[in-house]
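Asker: Fold the following, please.
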Amino acid sequence: MSISLAAAAAAVEAMKRSQDSYTFTIGKLDAGMAILIGERAHLIEFPSVLLPPGSTTGSIVNIAVHQNLSEERKRDQQFWQLQHDIFETFGCSSPEPPHLEVRNVTQTSVTLEWPPIKLATAKLRSLDIYKNSQRVAAIPSPLTNTSTKLSGLSLDTPYTFQLVLRTSAGTFHSNIVSIRTHTIADTSGISVCFGTVADPILLEDAKSALREMKAKWSDKIQIDTTHFVCTTPAMTPSGAQASGGSVAAGPGVEYQKALQLSIPVVQPQWILACLTEKKMVPIVAYYLGVTPPNAASYYSQRTQSMSQASLPSSGSASSAHKSAPNRSSMPVPSRGTDGTPPQRKSIEPTPEDPEAETEATQQQKRSASITETRHRSNGTMDRNFKFPQSQQQPLQRVASPPSQPSSPPPVPKQQHPHSQKPIPLPSPREGEAGEEMPPVNIITPSSVEVPPPPPVEKETRRQVIVDEEDEDVGETVEIDL
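Answerer: Numbering: from 1, shown residues only. Okay, here's the model as predicted:
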């Protein structure tokens, strides 16, 4: 019984040996490879390193091959864990399309901005800007740059803009932004960077004007800065810092940036002119170093406003008091007690009216000079001129009785044009009615021929010379004076 059991165990072991191992004969042994010959003349190339020590050509070896299931299960677990980690890291998030926004719009430019782009695990290929569905250019340094400025646009024209992001995970389009450029009367697009302004009042007036125009300003040059405003490029504590360190007279950093970026440098009076004109004023007359055309008017208005602020508030009372002497300078004409019309007196210009006095004086001097030059130039007298009769026939005095006081002959008075009365003549008295009086030559105003006064000539010297050349003097007559 024991023999039979031992024989069975040997048979099983031989069966296992036949199933688990194979017998080979080493046919050729090389440095790195051995040729094994099987029972059915199978040739197998086997690494010589794996042969038992001392094996040579002709040695018989048994090779067994077993499957390691536990290692296979461990390997599978590691593989699927790696796949899960890859999916969680690179498969759950994807690049996001950029969100485009408008920062500033002017008459000929637009400034766009967007948040930093998110690529997730993808790689960036390009970021392009499109205008009206046409590619304009690629954004430089797209991983750090978040804004751009497009110039050369037309006045008062609509435009559309869009960003296109291309990555290794695909292409992503941003939202479409629609804008319209400003008209010449819209000044809200002005973006000013203030430099050194020596006059603080002028600086505050410029800022107030910007607030009224709904414009903006800053102390640093930004991408949407349209103008750099200053009165001097030198550095001050409230303006730009000097590039040379502590040198206060050197040009500031912001001023140098403005020159590098081709930003126009103007004076604060340009902002005031835009507010006054209510439109964009050309900047040629307001460049740094040029006298602005509105500088004199600005300082005069500021001086006037300061003087008005210092005056008392009783302006109306002073004006009424000042106009009172002008009204009372012309006296009211007095009327006589006997009903005679009032005598008009020549009104002389009051001291408050220097223009009338100056005009009258100039007129008298002009007429006298013209008459004098006329006589000097001709050297003769007018042929139709006549002397008054009073000078040719002297008056005879009338003898009056000693009892009566002598009365001078009546002097013709200047009659008013509205009242003409006959001049009373001396009548004979009652006691002297029978006496004969010597004849008296009485000269009445109507019998005296008085030459008319020279007309007021307002012509210039040139016109007087022309009249003298046209006048026909004729023959001259010598008169004994």
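Asker: going forward, measure contacts between C-alpha atoms and count neighbours the same way
Answerer: Fine.
Asker: where's the nearest residue to Asn62 once chain neighbours are set aside, which helix or strand?
Answerer: Closest residue in space to Asn62, ignoring its immediate chain neighbours: Thr23 at 4.4 Å, by CA to CA, 6 or more residues apart in numbering. Using DSSP states H and E, Thr23 sits within strand 21-29.
Asker: what lines up beside that strand in the sheet?
Answerer: Looking at strand 21-29 with DSSP bridges, its partner strands are strand 33-37 (antiparallel), strand 60-64 (antiparallel).
Asker: between the ones you listed, which gets nearest to Ser151?
Answerer: strand 33-37 (75.9 Å; CA to CA).
Asker: thinking again about what came up before, just say which of the strands paired with strand 21-29 is most tucked in.
Answerer: strand 33-37 (a mean of 20; mean count of other CA atoms under 10 Å).
Asker: which residues sit against that one?
Answerer: Outside strand 33-37, the residues that touch it by CA atoms under 8 Å, 6 or more residues apart in numbering are 24-29, 42-49.
Asker: What's the PyMOL line that selects buried ones from the residues you listed?
Answerer: Buried members of the contacts of strand 33-37 can be picked out in PyMOL with the line below, counting by 16 or more other CA atoms under 10 Å:
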select buried, resi 24+25+26+27+29+48
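Asker: Need the contacts of strand 33-37 in JSON lines (columns: pLDDT).
Answerer: Converted to JSON lines, the contacts of strand 33-37 look like this (pLDDT from 0 to 100):
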{"residue": "Phe24", "pLDDT": "89"}
{"residue": "Thr25", "pLDDT": "91"}
{"residue": "Ile26", "pLDDT": "90"}
{"residue": "Gly27", "pLDDT": "89"}
{"residue": "Lys28", "pLDDT": "88"}
{"residue": "Leu29", "pLDDT": "86"}
{"residue": "His42", "pLDDT": "81"}
{"residue": "Leu43", "pLDDT": "87"}
{"residue": "Ile44", "pLDDT": "86"}
{"residue": "Glu45", "pLDDT": "89"}
{"residue": "Phe46", "pLDDT": "89"}
{"residue": "Pro47", "pLDDT": "90"}
{"residue": "Ser48", "pLDDT": "88"}
{"residue": "Val49", "pLDDT": "88"}
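Asker: Show me which pair in the contacts of strand 33-37 is furthest apart.
Answerer: For these, the farthest-apart pair by CA to CA is His42 and Val49; their separation is 20.4 Å.
Asker: Can you check which of the strands paired with strand 21-29 gets nearest to Val192?
Answerer: So among the strands paired with strand 21-29, strand 33-37 is nearest, using CA to CA, at 84.4 Å.
Asker: ranges for the helices of the stretch 1-150 of the chain?
Answerer: 2-20, 69-90 (DSSP state H, counting those that start in this stretch).
Asker: Likewise for the stretch 201-350 of the chain?
Answerer: So, for the stretch 201-350 of the chain - with DSSP H, counting those that start in this stretch - the helices run 253-260, 269-277, 295-310, 315-328.
Asker: weakest of the ones you listed by average pLDDT?
Answerer: Least confident of the helices of the stretch 201-350 of the chain, judged by mean pLDDT, is helix 315-328 with a mean of 44.
Asker: unless I'm mixing things up, Thr231 is touching Pro268, no?
Answerer: Yes - with contact defined as CA atoms under 8 Å, Thr231 reaches Pro268; the gap is 7.4 Å.
Asker: do you know how far Pro293 is from Ser208?
Answerer: 20 Å (CA to CA, to the nearest Å).
Asker: for the stretch 101-250 of the chain, what are the low-confidence residue spans?
Answerer: Applying pLDDT under 70 to the stretch 101-250 of the chain flags the ranges 236-249.
Asker: which of Thr231 and Pro268 has more neighbours?
Answerer: Pro268 (26 against 20; other CA atoms under 10 Å).
Asker: give me every residue that touches that one.
Answerer: Leu202, Leu203, Ala206, Val229, Cys230, Thr231.
Asker: now do 6 Å
Answerer: Val229 (CA atoms under 6 Å, 6 or more residues apart in numbering).
Asker: now swap in Ser168 and tell me
Answerer: Applying CA under 6 Å, 6+ apart, the residues contacting Ser168 are Ala122, Lys123.
Asker: which residues of the stretch 51-200 of the chain fall in strands?
Answerer: 60-64, 101-105, 110-113, 124-131, 134-138, 147-150, 158-167, 170-173, 177-180, 191-194 (DSSP state E, counting those that start in this stretch).
Asker: Okay, buried residues for the longest one please.
Answerer: Taking 16+ other CA under 10 Å as the basis for neighbour counts, the residues of strand 158-167 that come out buried are Tyr159, Phe161, Gln162, Leu163, Val164, Leu165, Arg166, Thr167.
Asker: Next, count neighbours for the spatially closest residue to Thr144 that is not a sequence neighbour.
Answerer: The spatially closest residue to Thr144, leaving aside those adjacent along the chain, is Pro116, at 7.2 Å (CA to CA, 6+ apart). Neighbour count for Pro116, taken as other CA under 10 Å: 14.
Asker: Next one: Pro116 from Val49, what distance?
Answerer: Distance from Pro116 to Val49, by CA to CA: 60 Å.
Asker: same check, this time on Tyr286
Answerer: Taking CA to CA, one finds Tyr286 at 94 Å from Val49.
Asker: Check Gln301 too.
Answerer: From Gln301 over to Val49 (counting by CA to CA), the distance is 108 Å.
Asker: now swap in Ile223 and tell me
Answerer: Ile223 is 73 Å from Val49, by CA to CA.
Asker: And the contacts of the strand holding Thr23?
Answerer: 34-38, 57-64.
Asker: export the residues you listed to JSON lines and tack on distance to Leu259 and pLDDT?
Answerer: JSON lines is the format used below for these (distance: CA to CA, whole Å; pLDDT from 0 to 100):
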{"residue": "Ala34", "distance to Leu259": "83", "pLDDT": "91"}
{"residue": "Ile35", "distance to Leu259": "84", "pLDDT": "90"}
{"residue": "Leu36", "distance to Leu259": "87", "pLDDT": "90"}
{"residue": "Ile37", "distance to Leu259": "90", "pLDDT": "90"}
{"residue": "Gly38", "distance to Leu259": "91", "pLDDT": "87"}
{"residue": "Thr57", "distance to Leu259": "91", "pLDDT": "90"}
{"residue": "Gly58", "distance to Leu259": "94", "pLDDT": "90"}
{"residue": "Ser59", "distance to Leu259": "93", "pLDDT": "91"}
{"residue": "Ile60", "distance to Leu259": "93", "pLDDT": "90"}
{"residue": "Val61", "distance to Leu259": "90", "pLDDT": "90"}
{"residue": "Asn62", "distance to Leu259": "90", "pLDDT": "89"}
{"residue": "Ile63", "distance to Leu259": "87", "pLDDT": "86"}
{"residue": "Ala64", "distance to Leu259": "86", "pLDDT": "85"}
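Asker: Need the per-residue pLDDT for Ala6.
Answerer: Confidence for Ala6, expressed as pLDDT, is 63.
Asker: How about Pro451?
Answerer: So Pro451 comes in at 63 (pLDDT).
Asker: With the one 5 residues further on instead?
Answerer: Reported pLDDT at Val456 in the predicted model: 55.
Asker: same thing with the one 10 residues further on?
Answerer: Reading off the per-residue confidence, Val466 sits at a pLDDT of 45.
Asker: if I look at Gln222, how far off is Leu143?
Answerer: 19 Å.
Asker: show me the residues around the closest residue to Asp30 other than its chain neighbours that make contact.
Answerer: Nearest residue to Asp30, sequence neighbours excluded (CA to CA, 6+ apart): Ser48, at 7.4 Å. Listed by CA under 6 Å, 6+ apart, the contact set of Ser48 reads Gly32, Met33, Ala34.
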